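> 3D, please:
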Amino acid sequence: MKLDDDIHNYYEKLVVDKLTDSGLADSKGSDFLADLSCLVLNQLPPKYIRYEVDMAFYLPQAERLQMEMNVNTAIKSALRFLKEKEDSEDAAEK
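All right, here's what the predicted structure looks like:
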């Protein structure tokens, strides 16, 4: 069963926007970005929408700011996790 192509998790857009704005989307490979995105999105509650304009019109400013802070926190946590994983793999190779 297919619901609709327009239904998506609004947090996906926020995460992609933040990764692009921070330069990570340009400086990291696609595998790293895919892993990072999964780790980030798994920390966030889903917020399904059909149209972007609905979020822009109906979402209170305070909730929008909270969502952006949640994305920032989740990205920092995921980057820390990936760095620790990389460090432990480097140590195991020595």
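
> Any chance you could list what contacts the helix or strand bottoming out on mean pLDDT in the chain?
Counting by mean pLDDT, DSSP states H and E, the chain has its least confident helix or strand at helix 52-58, which shows a mean of 82. For helix 52-58, the external contacting residues (CB atoms under 8 Å, 6 or more residues apart in numbering) are 10, 13, 49. (Each C-beta comes from the backbone N, C-alpha and C, glycine too.)

> Restricted to strands, list those.
Using DSSP state E, the members of the contacts of helix 52-58 that fall in strands are Ile49.

> quick one: which of the contacts of helix 52-58 is nearest Met67?
Tyr10 (7.8 Å; CB to CB).

> so the closest one sits right up against Arg50, yeah?
No: Tyr10 sits out of contact with Arg50 when judged by CB atoms under 8 Å, with a separation of 10.1 Å.

> Give me the more crowded residue out of the two.
Tyr10 (17 against 13; other CB atoms under 10 Å).

> quick one: contacts for the more buried one?
47-49, 52, 55, 67.

> Give me the most central residue, this structure.
Compute the mean C-alpha point of the chain, and by CA atoms, centre = their mean the closest residue is Val15, 3.2 Å away.

> Now it. Its backbone dihedrals?
Val15 adopts backbone torsions of phi -70, psi -50, taken as degrees, to the nearest 10.

> how much space between it and Glu68?
10 Å (CB to CB, to the nearest Å).

> Please report the distance of the residue lying closest to Glu12 once chain neighbours are set aside from Ala74.
Counting by CB to CB, 6 or more residues apart in numbering, Glu12 lies nearest to Leu41, which is 6.7 Å off, once chain neighbours are set aside. Distance of Leu41 to Ala74, computed by CB to CB: 8 Å.

> which residues do the two both contact?
Val15.
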